[in-house]
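[1] 3D model of this:
(chains A and B)
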Amino acid sequence: GENVEQHPSTLSVQEGDSAVIKCTYSDSASNYFPWYKQELGKGPQLIIDIRSNVGEKKDQRIAVTLNKTAKHFSLHITETQPEDSAVYFCAASIRTGGFKTIFGAGTRLFVKA
Amino acid sequence: NAGVTQTPKFRILKIGQSMTLQCTQDMNHNYMYWYRQDPGMGLKLIYYSVGAGITDKGEVPNGYNVSRSTTEDFPLRLELAAPSQTSVYFCASSSETAGNQPQHFGDGTRLSIL
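    Numbering: from 1, shown residues only, chains lettered A, B, ... in the order given. So this is what the prediction gives:
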């Protein structure tokens, strides 16, 4: 079946450094790629998304890049702050049924002050 | 706007008991979803609905049932609780298909089956 692989599972960085999380997807028809941030005890919240007709999107300290040929996309967080510490999930739309996205397993990011 | 509201937040069940997890949204979204989240496994889709009266199975539907009688509400029912159903359950909604629009999540129900 279709899947999304996410790496690394855990990432620890020093405050002010950059963090990069990478995902690969299997469905060549995938055309929507959201990223969610989940804080402790809360549900996931969208932080940024990208569509297949765009190669890069930026919103302040976060950016996402998409390589359709290689079927991978990445989340970049610059100038990390302690409040960036959370679990981050990538996701990709799948064509089957037309109504779903599938999620990566998540990356736990620790930002050390 | 409250967004997506889930109740209860925590629950402990005995094996074989049944219960309903409640989910309601006030954004007038047609699309609603139920996920379970197990440690290190991401989110797995249980059931989804594209509108009132219409539901369909996701990746892991066994042991669960849903109904969608109104746009706002999408309850998830466990009929015979089993230890394998110990998990965190999230309800979500979206204005269009999740294949094209972001989902809005509730804060989850943490369920333990003992």
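
[2] Give me the pLDDT for the spatially closest residue to residue B:92 that is not a sequence neighbour.
    Excluding its sequence neighbours, the residue lying closest to residue B:92 (CB to CB, 6 or more residues apart in numbering or on different chains) is residue B:103, at 4.1 Å. Bear in mind the C-beta positions are built from the backbone N, C-alpha and C, glycine included. Per-residue pLDDT puts residue B:103 at 95.

[3] and what of residue B:89?
    We note a pLDDT of 98 for residue B:89 in this prediction.

[4] Return the set of buried residues in the lowest-mean-pLDDT helix or strand in chain A.
    One helix or strand of chain A scores below all others by mean pLDDT, DSSP states H and E: strand A:100-103, with a mean of 88. Using 16 or more other CB atoms under 10 Å in any protein chain shown as the test for burial, strand A:100-103 gives A:100, A:101, A:102, A:103.

[5] ok so, going back, the residue nearest to residue B:92: neighbour count?
    Neighbours of residue B:103 under the rule other CB atoms under 10 Å in any protein chain shown: 26.

[6] Now the residue nearest in space to the middle of chain A: closest residue in space that isn't a chain neighbour?
    Nearest to the mean C-alpha position of chain A, counting by CA atoms, centre = their mean, stands residue A:90 at 3.5 Å. Excluding the flanking residues, the one nearest residue A:90 by CB to CB, 6+ apart is residue A:23, at 3.8 Å.

[7] Got phi/psi on that neighbour?
    For residue A:23, the backbone dihedrals (degrees, to the nearest 10) come out as phi -140, psi 150.
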